[in-house]
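Novice: Sequence and predicted model, in that order:
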Amino acid sequence: MTSFRCKFSIGNQRYVQVNEWKGELRVDIREWRDDKPTKKGISLTLMRWKNLVDQLQYADQALQNKLSYWIHVGGNVYCNITDNSVCVDIRQYWKPEQELVPTKKGICLRPKEYSCLKELVPQIGKVLPELDAVVPCYLQSDHMNQIGALQCPECNPNDCDKIA
């Protein structure tokens, strides 16, 4: 059962929604059709949302300077901007062999949608006071050494089980 706290439009029938799914609070960035969510979008845990928000200034710099930008926000979810692009892609990846491959789980935000998303960050923070208690993986005590970070399924989802 899904229950939601809020839903904000970012344009073009795309919305940011804070909801609870399977007992976990999540931030959904998703396209809707006929008042129903579609598969086109991404659902972020609170930690991944916080990591994304913490990186928005760097994404802005990349967009302004027309540079590529690639940041892992956790669990194989990446925020990606390609050279000379005006769009921000937030997408789940997987690693079938040696190289990460994008999946259909994600959304590419056009400039106005991305701008709206950034403007909504403070409002989403007010709706989600639980964000204040979220500590990013890299600041947790078990990540104070390289082995701890490599064993984390959130930080190193493809290879954490290979570390002995």
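Specialist: Yep, it's here.

Novice: Break the chain into its domains for me.
Specialist: If you go by automatic domain parsing, the domain ranges for the chain are 2-133, 136-164.

Novice: Name the stretch among those that sits most buried.
Specialist: Highest mean neighbour count of those: domain 2-133, a mean of 15 (counted as mean count of other C-beta atoms under 10 Å). Quick note: C-beta positions are derived from backbone N, CA and C, even for glycine.

Novice: Can you show me the strands along this protein?
Specialist: 2-11, 14-21, 24-33, 36-45, 69-74, 77-81, 88-94, 101-109 (DSSP state E).

Novice: lowest average confidence, helix or strand, in this protein?
Specialist: One helix or strand of the chain scores below all others by mean pLDDT, DSSP states H and E: helix 146-150, with a mean of 71.

Novice: Please tell me how far that one is from the chain's geometric centre.
Specialist: Computed by C-alpha atoms, centre = their mean, to the nearest Å, the separation of helix 146-150 from the middle of its chain amounts to 22 Å.

Novice: need the least confident one among the domains of the chain, by mean pLDDT.
Specialist: With a mean of 68, domain 136-164 has the lowest mean pLDDT of those.

Novice: In this protein, which helix is the longest?
Specialist: Counting residues, the longest helix found in the chain (DSSP state H) is helix 46-65.

Novice: So which elements touch it?
Specialist: Taking 3 or more C-beta pairs under 8 Å, 6 or more residues apart in numbering; DSSP states H and E as contact, the helices and strands that helix 46-65 lies on are strand 24-33, strand 69-74, strand 77-81, strand 88-94, helix 111-127.

Novice: Now do that helix and strand 14-21, the angle between them.
Specialist: If you take axes from the mean of the first three to the mean of the last three C-alpha atoms, to 10 degrees, helix 46-65 sits at 160 degrees to strand 14-21.

Novice: Can you tell me what sits against helix 46-65?
Specialist: 25-27, 44, 67-69, 71, 73-75, 77, 79, 81, 85-86, 88, 90, 111, 118, 121, 124, 128, 130-131, 134, 136-137, 154 (C-beta atoms under 8 Å, 6 or more residues apart in numbering).

Novice: And stretch 114-126, by the same measure?
Specialist: 6, 8-11, 16, 18, 27, 29, 49, 53, 56, 60, 87-88, 109, 131.

Novice: tell me how far it is from the chain's mean position?
Specialist: That offset, for stretch 114-126, works out to 13 Å (C-alpha atoms, centre = their mean).
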